[in-house]
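**Q** Provide a 3D model corresponding to the input given below.
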Amino acid sequence: MEHTSRAERKTKRRKTNRILNTAIAVVVLLIIIVGFTIFAGGNDEEAIAPEESKPAQEQEATVTEEESEEDLTETEKPVEEEENSDEEVVITEGTDPNVEQDIVDPNWKGVGTSQTGDHTSSFETDSTDWQEKVNALSYATGIPEDNMTVWFISGNGPQGAIGTVSPKTDQNDAYRVYIEWVDGEGWKPVKVQKLEQNDKGR
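**A** Numbering: from 1, shown residues only. Here you go, the predicted structure:
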C-alpha cells in the first residue's frame, strides 16, 4: 500500500513538473515575443495593437507587473508624440532687412532621403541631394514643386542650405528657406522667411 502511494506521488510530481515546465516555457516564449515587439517595433502602433487584443485570461497568465508597466509606458508614448506634433507655428515680425515674417514650425520633419553613407551636400541640379533640397523647400513653403520657381540655393555650413523660392505665378511672393541635413531623415526645414521683395528674382 505504501509502495503504491509512493508511485502515485511520484507520478503526480512528474505530471506537475511537466505542467509547470510547459507553463514556464510558454511564459518565457511570450516574454521574448513581447520584448522583441517592444524593442524591434519601436513605437509602431500596429505592433502594439495585437498585444492589446489578446484574451484577458492569456494576458493575466503571462504578463508580469514589470511588463505591464512597460506596456503602459509604450502606449503613453504615442499620445505624447501626438501632443508634440500639435505645437503651434511661431510667426514673428522679421528683424532682417527685406524680411516681412520669420516662420518656425516645430512640427517640421525631414523629407526623407534615398542617400546612404556619409552625406555630402551637392548643388548639381541633376543630383539626388539637389532634388531632396527642392522637396524640403516645397514642403516648408507649401508651394507644389511643379508650381515653384527655385531662384537660388546655397550652402549654409557643412550640413545646411538656404534656398529662395516663389510660386511660378508670382515671383514677388518669395520665401527664403533655411534647411539642415538630418542623418536618416534627409533635409529638414528650420526656418522660413517671407520676403518683402524677391532679392534673387530677375
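
**Q** need the single longest helix in the chain, by residues.
**A** helix 2-41 (DSSP state H).

**Q** can you give me the neighbour number for S114?
**A** By other Cβ atoms under 10 Å, the residues close to S114 number 9. From N, CA and C alone the C-beta is placed, and that goes for glycine too.

**Q** got phi/psi on D118?
**A** phi -70, psi 140 (degrees, to the nearest 10).

**Q** show the pLDDT at it.
**A** For D118, the pLDDT comes out at 88.

**Q** how about the one 5 residues further on?
**A** As summarised for this prediction, F123 has a pLDDT of 89.

**Q** surely it meets G155?
**A** Yes - taking contacts as Cβ atoms under 8 Å, F123 lies within contact range of G155: 7.4 Å.

**Q** what does the domain assignment say about this structure?
**A** Domain assignment for the chain by automatic domain parsing gives 2-84, 90-195.

**Q** how far does the last one sit from the chain's center?
**A** The offset between the C-alpha centroid of domain 90-195 and the centroid of the whole chain comes to 20 Å, using Cα atoms, centre = their mean, to the nearest Å.

**Q** in the longest helix of the chain, what counts as buried?
**A** L30, V34, T37, I38 (16 or more other Cβ atoms under 10 Å).

**Q** again, but for stretch 127-134
**A** D129, W130, E132, K133, V134.

**Q** before we move on, the earlier item: counting contacts, what elements does the longest helix of the chain pack onto?
**A** On a contact count with 3 or more Cβ pairs under 8 Å, 6 or more residues apart in numbering; DSSP states H and E, helix 2-41 meets helix 45-52, helix 56-62, helix 65-84.
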